[in-house]
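Participant: next input, structure requested:
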Amino acid sequence: MTQTSPPGWHPDPGYTGIGPVQERWWDGNQWTDHLRLPPATIRRRRIRIGVTAGVVALAAIGTGVLLLSDPSGGPKENAATAPSTAPSGAPGGGGRGGGESRAPERQLPQTEDGYATDLAGGISLPVPDGWKGKSGIAGAGVTTGEYACPGDTSQQCVRGGVFSMPATALRLDTSTAKATATKDISANATESYGEKIYGGITSHQELKSEPVTVAGQQGYLVRWKVVTKNGDDGYVQSLAFPSPRSKEMLIVVRSGFDINAKAPALSVMDDITKGIKAASGTSSGPGTTA
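Facilitator: Down below sits the predicted model:
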């Protein structure tokens, strides 16, 4: 978090993977001891690679990922919002019988031109020319190529997408970056190209499984080619590496590209992976390589 981030509930950065994912109160300057389970009434829409373009809650994260700004100038009308009511006992919080006290209206995170920034993770994703980027408190994403989904034309799919999120939000094995990426790839493929939108995945081929240096951190990536029943086949990649902000936090970056003449070339996935860097103001090692 930064000094410019207003108070609010956000995914707990100290989540250990044991028990349900909780939200922790950020008071505008630091994380407090106030925790809660995400309210059942607040439902975040998922975004699958190739599904529901522009929706800002990322796949498989029950608490949602708050993507707030669009460096590429894309629409923000779909942006998810976090509850801004302060917890009882927290600074500015309302007690029993009192009126609700709300935090100031949420400000957009400060980001660099040409990048979508994940503030909690301390990383920035490059936004290729013609793509849309969204920055957020606990996640970031870039997408391109909207079209009607093959299994449900009432929904919009995208030809390519790359999204970051904390590994703990996905309840993955976070013992090593390799274990995290290896575990996540199957879920990534299912979220990206499974279910009724693509009719499920009939087969997959592993294209890569290797260590990689990202944002100065030693990570690991796994890449599959998947074959679907309906619509385009696709490439999916799960990348895991320690956050430049905290070695204790593993970041997962999920990528998914359609295999289609109108979709981005697979080399763009490599370019984005290589271009991930520590966010401005975050200390990191030397430049990235892949």
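Participant: which strand or helix spans D184?
Facilitator: Following DSSP states H and E, one finds D184 within helix 177-193.
Participant: helices or strands up against that helix?
Facilitator: strand 201-214, strand 217-228, strand 234-242, strand 250-258 (3 or more Cβ pairs under 8 Å, 6 or more residues apart in numbering; DSSP states H and E). To be clear about C-beta, it is placed using only N, CA and C from the backbone, and glycine gets the same treatment.
Participant: partners of the third one, with directions?
Facilitator: Each strand that strand 234-242 pairs with, and the sense of that pairing, follows from DSSP bridges: strand 217-228 (antiparallel), strand 250-258 (antiparallel).
Participant: which stretch among those comes nearest N188?
Facilitator: With Cβ to Cβ as the measure, strand 250-258 is the member of those nearest N188 (4.9 Å).
Participant: mind listing residues that contact the next helix-or-strand element following that closest one?
Facilitator: Going down the chain from strand 250-258, the next helix or strand is helix 266-275, by DSSP H and E. For helix 266-275, the surrounding residues in contact (Cβ atoms under 8 Å, 6 or more residues apart in numbering) are 125-126, 128, 142, 160, 162, 212, 214, 221, 223, 235, 237, 239, 253, 255, 257, 288-290.
Participant: which of the residues you listed count as buried?
Facilitator: Buried subset of these (neighbour count, 16 or more other Cβ atoms under 10 Å): 125-126, 128, 142, 160, 162, 212, 214, 221, 223, 235, 237, 239, 253, 255, 257, 288, 290.
Participant: against G141, how distant is F163?
Facilitator: Distance, F163 to G141, using Cβ to Cβ, to the nearest Å: 4 Å.
Participant: low-scoring stretches of the stretch 1-150 of the chain, by residue?
Facilitator: Scanning the stretch 1-150 of the chain for pLDDT under 70 picks out the ranges 1-5, 15-22, 35-111.
Participant: 50 instead, please
Facilitator: Regions of the stretch 1-150 of the chain meeting the criterion pLDDT under 50 cover residues 40-109.
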